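Quick one, fold the following:
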Amino acid sequence: MNTPSWPTQTAPRVGIPWVALRVALLSLSMALTAIQGRAAQDGVPMDRIVAVVDNDVVTQSELDRRVQTVLRKLSAKPGLMPPAELLRRQVLERMVLERLQLQMAERRGIRIDDPTLNETMRKIARRNNLSLEEFRDRLVNSGIDYAEFREQVRNEVIIDKLHERVIDRKVRVSDQEVEDFIASQGGALNSDVEYRIGHILIALPEGATPDEVKAAQDKATEIRERLLEGENFARIATSESDGQTALEGGDLGWRKANQLPSIFTRDIARLDVGDISEPIRSPSGFHIIKLEDRRGQARQVIQQTHARHILIKTSAVVDDDKARATLNSLRQRILNGADFAVLARSNSDDTASAVDGGDLGWSNPGELVPEFEEVMGSLQPGQISEPFRSPYGWHIMEVLARRDYDGTDEVLRAQARQILRARKIEEQTELWERRLRDESYVEYRLDEDTAQES
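Sure thing, here's the model as predicted:
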């Protein structure tokens, strides 16, 4: 993963040398302190600064309000309540990190407009089974300032978008990591699954010579080729295997993953029922395993749709009306007998599918954009849609077929990928936040006489 580029304390920072920025911040801090002192002498109440955070400050009233919010959350769990002073310092540290991230987001132009924020607030209300008005009333009745709560939500969304840009988009999970995770005992998503395994062993003597190893490997490869050509596994196991279950046709019976030899677990996770593994080397020789059956895991049967389409993108030259008219003309030609695939190849702006006559192959629910799936779900096989719009442009679509598909393995892999991705994002976020905090100027003023700089 690429790491963010970080300024150092001697490098320019937003166009200003770090030393100059530090001097400017100290001057600002001293000026604010002087203003506070004069206001106090004049009898005018003035909010005290409790932390200077780069080019921003955290005030006493802001800290007090945030502490009260945290106290309300912890009130239901009194056993988790830390000492008051420790709680204030923890909340202040969180506010400092929040301010640093908001400053970075502002420099990167990340903003959340009011319509987007309003929709987010409505989603929060719906998760609580309330209308937005009811949600606002409940907050107010609980002593929470609604406007302040709303701005806090805005800040959280901004920070989420910042994380997505600087962390989430750079996190990758490889297919090998997914397979290893599924096979590992620590990540056994399929711990309740039992496998019925066929096993053939081509044994090696202890201290086998290179020639003996090669001869055994060649024999295992030849046996696997015979199996792939359709020869009976049990018959070959009985006649060729050196394993203990050879006389039972190599049948190891039903076993859970943790009951299988560890050298088999990774390969088993990759096999579909009926598949035969590559030869697997161990100190005892070369093993060939066949996944005869699997049970104990709820099967995930999904409905797949096979469709094709023609896309017309809009541009400065092709507006919505022209795109829709073009597709209406193409649709009419297809209804009159023209070949959909031929017209897709010569007219579709989706270059990836146009070469295949607009064919999108079999798709699972959720793989395509909602606008596309909504129209696709309304069509019967053989039907051609009216022109419709998606974020990519204007389309006509034909559903070719539907089928029920056992997507259990895909669902398992998707779960594993999601867990691994979330784990990586959490680890990278923690490192990124720590580095951001370490590279920034922060002065604490919780204790009036002992301000702490870092």
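
where does the residue lying closest to T59 once chain neighbours are set aside fall, helix, sheet strand or coil?
The shortest distance from T59 to any non-neighbouring residue, by Cβ to Cβ, 6 or more residues apart in numbering, is to D47 (4.4 Å). Backbone N, C-alpha and C define where each C-beta goes, glycine included. Look at D47: counting by DSSP: H, G, I helix; E, B strand; the rest coil, its state is coil.

State the distance from D47 to L63.
From D47 over to L63 the distance is 10 Å, taken as Cβ to Cβ, to the nearest Å.

These two: which is more packed in?
L63 (19 against 13; other Cβ atoms under 10 Å).

sorry, back to before: ok, the residue nearest to T59 touching V58?
No - with contact defined as Cβ atoms under 8 Å, D47 does not count as touching V58 (10.2 Å).

Give the intersection of the neighbour lists for these two.
Common contacts of D47 and V58 (Cβ atoms under 8 Å, 6 or more residues apart in numbering): none found.

What separation do you get for I263 and Y195?
Distance from I263 to Y195, by Cβ to Cβ: 14 Å.

nope, G249 is what I meant
Distance from G249 to Y195, by Cβ to Cβ: 16 Å.

who's more crowded, these two?
Y195 (26 against 17).

Check which helices and strands the helix or strand hosting that one sits against.
Assigned by DSSP states H and E, Y195 belongs to strand 194-203. Under the contact definition 3 or more Cβ pairs under 8 Å, 6 or more residues apart in numbering; DSSP states H and E, strand 194-203 sits against helix 210-228, helix 233-240, strand 251-256, helix 262-270, strand 285-295.

how far out from the middle of the chain is the third one?
Okay, so that is strand 251-256. 35 Å (Cα atoms, centre = their mean, to the nearest Å).

picking that back up, who are the neighbours in contact with the residue nearest to T59?
Here D47 is in contact with T59, Q60, S61 (Cβ under 8 Å, 6+ apart).

Repeat that for G357.
Here G357 is in contact with R308, F340, A341, V342, A344, R345 (criterion: Cβ under 8 Å, 6+ apart).

and the closest residue to it other than its chain neighbours, how many residues sit next to it?
If the residues on either side of it in the chain are set aside, G357 comes closest to A341, at 2.7 Å by Cβ to Cβ, 6+ apart. By other Cβ under 10 Å, 17 other residues sit near A341.

Could you do Q303 as well?
By other Cβ under 10 Å, neighbour count at Q303 equals 12.

Can you verify it is assigned to a strand?
Yes - assessed with three-state DSSP, Q303 lies in a strand.

For it, give the beta-bridge partners.
D404 (DSSP bridges).

what does D293 give?
Beta-bridge partners of D293, as defined by DSSP bridges: R196.

Next, the contact list for it, please.
Applying Cβ under 8 Å, 6+ apart, the residues near D293 are Y195, R196, V273.

Thanks a lot, see you next time.
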